[in-house]
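would you be able to build a 3D model of this:
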Amino acid sequence: MSRLLVDADAIRALADILTETGLTEIEVAEKDSRIRVVRAGTTVAAPVQTIAAPVVSTPAATPVAAAPADLSKHPGAVNSPMVGVAYLAPDPSSPPFITEGQTISVGQTLMLIEAMKTFNQIKATKGGTIKQILIASGDPVEFGQPLVIIE
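Prediction:
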């Protein structure tokens with residue numbers, strides 16, 4: 001009969017990391033054991049106070065640049081499936097997986113994201129042309145952050 005050994009201190013430490021960092025999931029693997037701690041997302045609404053600012057007219061107002069559109073909702077956006085560090089090449093001496101203007105096919109590796117010392121391949125979910133690469137190699141990325149635009 002096998003017996004499951006649970007390291008309660010390790011689970012508490014991982015739960016503390018989740019709380020400190022605001023993450024909702026963390027997993028640690030070592031040899032034949034794996035601990036995964038998942039916290040259900042909670043939304044906390046903070047009260048917002050609105051204060052009207054006085055209107056001041058200026059004789060020569062300079063135009064304000066429009067804020068960039070939310071590219072994560074772009075139909076060709078490839079968004080990060082995890083938090084980690086993105087790498088555009090398999091190693092520093094190799095050419096990048098993709099370049100702007102390159103034609104790619106479904107399943108082609110676009111980049112790597114390192115998370116918890118594991119390199120995860122980010123693959124194209126559709127074919128097309130790389131319109132824009134939105135991150136640089138070595139950049140930290142967040143969950144849902146747009147990485148590449150494919151058209």
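
residue 12 is in what secondary structure piece?
Counting by DSSP states H and E, the secondary-structure element that holds residue 12 is helix 8-21.

can you check residue 121 too?
Following DSSP H and E, the helix or strand that holds residue 121 is strand 118-123.

I'd like the next helix or strand past that strand.
Moving toward the C-terminus from strand 118-123, the next helix or strand (DSSP H and E) is strand 128-133.

what packs against that following strand?
Applying 3 or more C-beta pairs under 8 Å, 6 or more residues apart in numbering; DSSP states H and E, we find strand 128-133 packed against strand 103-104, strand 146-150. Every residue, glycine included, has its C-beta placed from N, CA and C.

quick one: strands adjacent to the longest one?
Translated: strand 146-150. Strand 146-150 has the following sheet partners, assigned by DSSP bridges: strand 77-79 (antiparallel), strand 128-133 (antiparallel).

and the ones you listed as a markdown table, adding mean neighbour count, distance to residue 101 and mean pLDDT?
Written out in a markdown table, the entries for these read as follows (neighbours: other C-beta atoms under 10 Å; distance: least, C-beta to C-beta, whole Å; pLDDT from 0 to 100):
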| stretch | mean neighbour count | distance to residue 101 | mean pLDDT |
| --- | --- | --- | --- |
| strand 77-79 | 20 | 16 | 93 |
| strand 128-133 | 17 | 6 | 95 |
